[in-house]
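# A predicted structure for the sequence below; I have some questions about it.
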Amino acid sequence: MIETSTGLCSAALAENGKIAAYKESGALHSHASLTAVFIKEILDDRGLSVKDCDAVCVSMGPGSYTGLRVGVSTAKGLCFGAGLPLLAVGTLDVLVWQALAEGIAPEGCKYIVPMVDARRMEAYTAVFNAGGTQIRETKPEIFSQESFSDLLGDGKVLFIGDAAGKCSTVISHDNAVFCNCCPKASSMLIPAETEYKEKRFKDVAYFEPFYLKEFVATVSKKKLF
């Protein structure tokens with residue numbers, strides 16, 4: 001399993017329904033250099049090769065354009081080379097299962113709002129109930145004091161993700177609980193197993209990450225010759 005959608009680069013191996021190995025790094029701009037290294041180290045430590053795996057799962061976004069490209073390209077290369085099926089899990093789903101698996105959600109939590117930083121006071125968000133079922137569409141959200149007021153008036157709400165910190169500077173409600181963190185490959189286990197059991201495989205040749213917003217290239221101000 002590969003998670004490179006935010007600032008944390010991570011990879012994990014699952015065996016018999018449990019995480020057997022995991023590696024991560026929060027080093028800046030490390031995704032391209034470390035993703036393949038982590039995968040090789042994990043497999044080598046377990047005495048396995050890529051062909052011993054049943055499938056490869058990657059976090060498909062929304063998130064960082066560059067990070068998603070690295071993760072998806074790596075996953076595709078592994079699947080193509082070893083003839084394995086490709087699975088993909090939404091980044092926001094990973095955050096929700098991270099909250100549930102690690103017991104981050106507060107007692108009496110009614111909703112979980114995963115959020116991935118989209119710069120400035122904006123994030124990619126969705127709304128899930130306490131059982132992990134998505135109940136509101138994934139979309140960009142610009143924070144204001146009134147954001148998610150309908151949810152907060154109904155009970156405890158966990159805001160989780162790398163945009164939770166900046167969200168906490170705008171939303172100040174007694175029912176709001178914030179956990180600023182990045183999604184981890186080890187939290188992909190349950191949704192990845194579901195995708196595999198239901199045979200929801202992606203087309204290795206044509207699958208693209210879920211960017212949500214169109215990528216816009218900028219021109220460097222540096223002078224090049």
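Thanks, I have the structure now.
# tabulate the CA atom coordinates of the lengthiest helix in the chain in PDB.
For the chain, the longest helix by residue count, based on DSSP state H, is helix 65-82. Taking Å, rounded to 0.1, in the frame of the first residue of the first chain, the C-alpha atoms of helix 65-82 are listed here in PDB:
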ATOM      1  CA  TYR A  65      -0.300  16.900  -7.500                       C
ATOM      2  CA  THR A  66       3.300  15.800  -7.400                       C
ATOM      3  CA  GLY A  67       2.800  13.400  -4.600                       C
ATOM      4  CA  LEU A  68      -0.100  11.700  -6.300                       C
ATOM      5  CA  ARG A  69       1.800  11.400  -9.500                       C
ATOM      6  CA  VAL A  70       4.700   9.700  -7.700                       C
ATOM      7  CA  GLY A  71       2.500   7.300  -5.900                       C
ATOM      8  CA  VAL A  72       0.300   6.300  -8.800                       C
ATOM      9  CA  SER A  73       3.200   6.000 -11.200                       C
ATOM     10  CA  THR A  74       5.000   3.700  -8.700                       C
ATOM     11  CA  ALA A  75       1.900   1.600  -8.200                       C
ATOM     12  CA  LYS A  76       1.300   1.300 -11.900                       C
ATOM     13  CA  GLY A  77       4.900   0.200 -12.500                       C
ATOM     14  CA  LEU A  78       4.700  -2.500  -9.900                       C
ATOM     15  CA  CYS A  79       1.400  -3.800 -11.200                       C
ATOM     16  CA  PHE A  80       2.600  -3.800 -14.900                       C
ATOM     17  CA  GLY A  81       5.900  -5.400 -14.100                       C
ATOM     18  CA  ALA A  82       4.400  -8.200 -11.900                       C
END
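# which other helices and strands contact that helix?
Counting contacts by 3 or more C-beta pairs under 8 Å, 6 or more residues apart in numbering; DSSP states H and E, helix 65-82 is packed against strand 2-3, helix 31-46, strand 56-59, strand 86-89. Just so you know, the C-beta spots here come from the backbone N, C-alpha and C atoms, and that holds for glycine as well.
# and the angle from the longest one to helix 65-82?
Taking axes from the mean of the first three to the mean of the last three C-alpha atoms, to 10 degrees, one finds helix 31-46 and helix 65-82 inclined to each other by 40 degrees.
# just how off-centre is helix 31-46 within its chain?
Using C-alpha atoms, centre = their mean, to the nearest Å, the distance from the centre of helix 31-46 to the centre of the chain it belongs to is 18 Å.
# pull the residues that contact the longest helix of the chain.
Outside of helix 65-82, the residues within contact range by C-beta atoms under 8 Å, 6 or more residues apart in numbering are 2-7, 9, 31-32, 35-36, 39, 49-51, 53, 55-61, 84-86, 88, 204, 207-209, 211, 215.
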